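Student: okay, sequence plus prediction incoming.
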Amino acid sequence: QVQLVESGGGLVQPGGSLRLSCVASGRFDSIDSMGWFRQAPGKQRELVAVGPDRGRTNYGGSVKGRVTISRDYAKNAVYMQMNNLKPEDTAVYYCYAAVRSSYLSSPSGDYWGQGTQVTVSS
């Protein structure tokens, strides 16, 4: 199986910064795109940042300019630096990975982490 484990969430004041981390483990061949989605109470899950996809990183409109993701391909990890956080950024943040696999126990497809809570409040 493929497992995605997130870390780095927590409580931060408006204007503050957080860095989220996600590491993929298990049996698979490679990861195409990797990144983050979020879901606030009563709202649908939305894109935060995912990449690279055909060489591009896609950012959600509400976070563009405040978020940067980076990948460590050797560690199968993705990191997201979030700056100038706002109360509306409060949500559960989910790590996402598009996995390629030749192993029957972990088929190719989209995988999700359990989520990490980010709360922006004074």
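Tutor: Sure, I can see it.

Student: gap between the spatially most distant residue from the centre of the chain and residue 76?
Tutor: No residue in the chain sits farther from the centre than residue 104, which is 25.3 Å out by C-alpha atoms, centre = their mean. Between residue 104 and residue 76 the distance is 20 Å, computed by C-beta to C-beta, to the nearest Å. No exception for glycine: its C-beta is placed from N, CA and C like everyone else's.

Student: break down this structure into its strands, ranges please.
Tutor: Per DSSP state E, the chain carries strands over the ranges 2-7, 10-12, 18-26, 30-39, 46-53, 56-59, 67-72, 77-82, 91-100, 109-112, 116-120.

Student: mean confidence score for the second one?
Tutor: I take that to be strand 10-12. Strand 10-12 carries an average pLDDT of 97.

Student: who does that strand pair up with?
Tutor: Partners of strand 10-12 in the sheet, by DSSP bridges, are strand 116-120 (parallel).

Student: rewinding a little: what pLDDT does the residue farthest from the centre of the chain get?
Tutor: Looking at residue 104, its pLDDT is 89.

Student: cool, residue 66 as well?
Tutor: You'll see residue 66 listed with a pLDDT of 96.

Student: neighbours of it, just the number please.
Tutor: Around residue 66 there are 15 other residues, counting by other C-beta atoms under 10 Å.

Student: one more: residue 93?
Tutor: When neighbours are counted by other C-beta under 10 Å, residue 93 comes out with 23.

Student: if I pick it, what's in contact with it?
Tutor: By C-beta atoms under 8 Å, 6 or more residues apart in numbering, the residues touching residue 93 are 6, 9, 20, 36, 37, 38, 48, 80, 115, 116, 117, 118.
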